[in-house]
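A.B. asks: attaching a predicted model along with its sequence, questions to come.
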Amino acid sequence: MAHAGADNPIPPGSAPRRMSSGMRLLLGNEFGLAVLILLTVAVFALTLDGFTSPFSIYTIGRQIGIDTMIGLAMMAVIVTGGLDLSVGAIGVCSAMLFGWLMQVMGVPVPVAVPVAVLFGASLGFVNGFTVVMSGVHSFIITLASMSIFFGVMIFLTRAAAFNGLPPQVQAFGKMRVLPGISPLLLIAVAVCAALVVFYRYSTLGRQMLAAGANARAAELSGIRTGRVIVACHMLTGLLAAIAGLMVTARTGAAVPSMAGQLGQDWLLPAFLAPVLGGTLLSGGRVSVIGTLLGATFINIMTSGLLLMRVGEFWILAFLGVMLLIAVLADRTRQVFLTSRGMI
Amino acid sequence: MTALQVSHVSKSFPGVRALQDVSMTMTAGSVHALLGENGAGKSTLIKIVTGICKPDSGTVSLNGAAVRFANPRQAAAGGLGVVHQERNLVTRFSVGENILLDRLGKRALSLVDYTSLHREAEKWLKLLDLDVDPRTIVSRLSVAQMQLVEIGKALSLQSRVLLLDEPTASLTPNESTVLFRILRRLRDDGVAIGFVSHKLEEVFDICDRVTVLRDGRNACDSAGLSQLSRDDVVRMMIGRAERITTRAPRPKTDAAPYLELRGYASGAGHRDISLTVRPGEIVGLYGLVGAGRSELARAILGLSKQIAGEVRVLGRAVHISSVAQALHDHGIGYVSEDRKAEGLILMHSVLANGGITIWRKLANALGLLRDTTIAARVGPVLRRLEVKTPSVHQIIGNLSGGNQQKVSVAKWLAAGVRLLIIDEPSVGIDIKTKAYLHDLIHELAEQGTAILLITSDMPEMIDVADRILVMDGYRIKGEVENDRSYDPVSRAIMGLIHEKAAA
């Protein structure tokens, strides 16, 4: 066989910074979202009184942190081309365990936090294990587990909230790190940074993307696809639990109804943030930063509309329309990728 | 009378010119062979004729009128019936329902008149000498009967042009004989029949005209078959006379077997499989479609349960239950026949595809790894295989088929596997890359890799393998020593496959 000569097709250690067209598209999505956010902020800041008040900025930022975490939780399982309807239920269950540990068992906060977070991961494990073992789509499995998790939680807690949490919890929720910045937002940003590293540099993260893009090819390349999918669901559970604890800190209490009946109030931000951000619903490609931007955009729109005294129900309808638009954009991305032979 | 005319059709896909200026004329009352190697453009041509793809330029005319079907339904309504290679029947429905599937009732809500439906279906079954009740559920039929039902379905649309894509691929010789008798009768009734096959014997048996495609161009356009010899046709298909191999048979190795199966049976249905592959040896596994070859490869990789017998790697009895185990513990790799669905992750980069097998190995204690670490391992292999890509970060779906195939081999070389199972290495790649891959397989064997080669391409098998195991019905029927003389070896192989039919 001829040795590669001077006209070597791949230069050794070729520049990793060269961007493919697909990357550019992705970047375009995040860039577009960032521009949209700036425009919206500019319009609202100029036209709405109180939009730029320190309090408003603080609460919007705090909510962005929570919605980002919810969106990341869903994103972690969308990677596989699946979904998890039980994110809300897992978040609430973990928060209730968190409250019970501290209020009833007298466990100190630094112990209760990791226990509750790991509990969320274990509920995610139940989801993932059932999905992989049964081969049934995660929609049905998590629809069932959502009802089971939530139902058992209501039974055990008798639907009563834990109001007597240690004062640090509520203090944390009301804390201002820098003027106008909630630690909840910083937690979300830190988790984003960790996930960027995770999906880009870790073996498991890469395996998740590979298994999500083409499970059969990944399996035949020596990836234990089943385990990887279980790990995705566990990551979802873990992030949902963190989101649940964040809501608990904001409220100052662990309340069974904090995510609505069955935790369904979380589903809209859970899908909206990652899909707006450019995560492919069919799996194999994520955008962590896009999810953060997606959550930012929804919250800015929502707060602006609330200040304009648009009714809550109209805002829900508006968010629904946003989800549809985001899904259509997702379809367009897929058609684009398919036409270039990438799916 | 000209029934179907294809004039100067060209078609490009991203990265590939599938067809260039291709013409073909099918006449009524004639069986027209459409020949070409894998990837020559036959399927694309059929897709264009039936409206699945749009040509970039050129025209298709049916019975003298230019047509441009938007989809296969329109083509069917226009009198162009197609029987695709893969079955397109609703197996839980009855034979009659399948034949008249698109005409069950006049309107969406009108009730189906089963009596007249089955009477109508019966007519077509009779025409095809198919002695089954139209009420029979299709899943109960044999493969050959299903094939005939599909032909009946195509004919029931009053098709005067019938295209058959490899109709005999999964038929026994006897079943093929029955099919040919029916095709001759249809031909005598004035139907224009297009016939795609890889089996030249059949082509000379039944066809009277031939169009050969090579690399997306006409190697010949609707020539009379009676003036051509088998050698002429082969020369047109592969661009030279019957493959004259330049490779001498390689000396036998007596190294201890790398992989050995003894009396192996799998959950996929394999029975009593015994084979050995030695380091430095290229063992071919030949058989017809459905013989269980790819399934055997998957079973070895642990995707099917081992239910009897022994699997030994380097003499040690092992039990492989996952591809990960096959790769990481036993150094076994598998190049899939279905590159797009199983071999590669098309939406990911060249680097991600080439390095997927070694991520685990390269990760540091924290499970982290960097692109530069991977590139350091994968880059040399990609360069050695002369993969042409603007950068290792290019999305692999954008590369040509040949380069994609090189990457799907490269990932196993990067992992340093000791046994490589290669399944249909030259499907959908150009002839140059194909020759290159054959050289590569030989080079790997020279360096001591054990190779198990699965291919349906007889010349490829005879050109590359050292010895050839013949498989049929999920069993090994026998072994043929390959001395690279095409006729005796291919006869010996076909003899082993058809032993059953003769017995």
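C.D. replies: Cool, the structure landed. Numbering: from 1, shown residues only, chains lettered A, B, ... in the order given.
A.B. asks: give the contact list for the closest residue to B:V82 other than its chain neighbours.
C.D. replies: Distances taken as Cβ to Cβ, 6 or more residues apart in numbering or on different chains place B:L163 nearest to B:V82, at 4.6 Å, with adjacent residues excluded. Where C-beta positions appear, they are placed from N, C-alpha and C, glycine not excepted. Going by Cβ atoms under 8 Å, 6 or more residues apart in numbering or on different chains, B:L163 touches B:46, B:49-50, B:80-83, B:193-194, B:196.
A.B. asks: and B:R360, backbone torsions?
C.D. replies: phi -60, psi -40 (degrees, to the nearest 10).
A.B. asks: could I get the phi/psi values of the residue nearest to it when sequence neighbours are not counted?
C.D. replies: Spatially, and ignoring its direct neighbours in sequence, B:R360 is nearest to A:T203 (6.0 Å; Cβ to Cβ, 6+ apart). Recorded main-chain torsions at A:T203 are phi -60, psi -50, according to degrees, to the nearest 10.
A.B. asks: so A:T203 touches B:N364, yeah?
C.D. replies: No - counting by Cβ atoms under 8 Å, no contact exists between A:T203 and B:N364, whose distance comes to 9.4 Å.
A.B. asks: neighbours around residue 310, how many?
C.D. replies: Unless you meant another one, I'm taking chain A. Residues contacting A:V310 under the criterion other Cβ atoms under 10 Å in any protein chain shown number 14.
A.B. asks: that's the wrong chain, I meant chain B
C.D. replies: Counted with other Cβ under 10 Å, B:E310 comes out at 14.
A.B. asks: who does it form a beta bridge with?
C.D. replies: B:R262 (DSSP bridges).
A.B. asks: that one reaches B:A317, doesn't it?
C.D. replies: Yes - counting by Cβ under 8 Å, B:E310 does reach B:A317; the two are 5.5 Å apart.
A.B. asks: any common contacting residues for the two?
C.D. replies: When Cβ under 8 Å, 6+ apart defines a contact, no residue borders B:E310 and B:A317 alike.
A.B. asks: where does the stretch 251-400 of chain B dip in pLDDT?
C.D. replies: Scanning the stretch 251-400 of chain B for pLDDT under 70 picks out B:289.
A.B. asks: got the residue ranges for the strands in it?
C.D. replies: With strands called from DSSP state E, counting those that start in this stretch, the stretch 251-400 of chain B shows them at B:259-266, B:273-277, B:282-286, B:306-313, B:316-317, B:332-335.
A.B. asks: quick one: closest of those strands to A:G290.
C.D. replies: strand B:332-335 (35.2 Å; Cβ to Cβ).
A.B. asks: got the residue ranges for the helices in the stretch 151-300 of chain A?
C.D. replies: A:167-174, A:183-201, A:203-213, A:215-220, A:225-251, A:267-277, A:288-307 (DSSP state H, counting those that start in this stretch).
A.B. asks: from the stretch 201-350 of chain B, which residue is nearest to chain A?
C.D. replies: Closest contact between the stretch 201-350 of chain B and chain A, by Cβ to the nearest Cβ, is at B:L327 (3.7 Å).
A.B. asks: which stretch of helix or strand covers the most centrally placed residue in chain A?
C.D. replies: Centroid-nearest residue in chain A: A:L72, 1.7 Å away (criterion: Cα atoms, centre = their mean). Secondary structure from DSSP states H and E places A:L72 in helix A:54-78.
A.B. asks: helices or strands next to that helix in the packing?
C.D. replies: Here helix A:54-78 touches helix A:87-103, helix A:183-201, helix A:225-251, helix A:267-277, helix A:288-307, going by 3 or more Cβ pairs under 8 Å, 6 or more residues apart in numbering or on different chains; DSSP states H and E.
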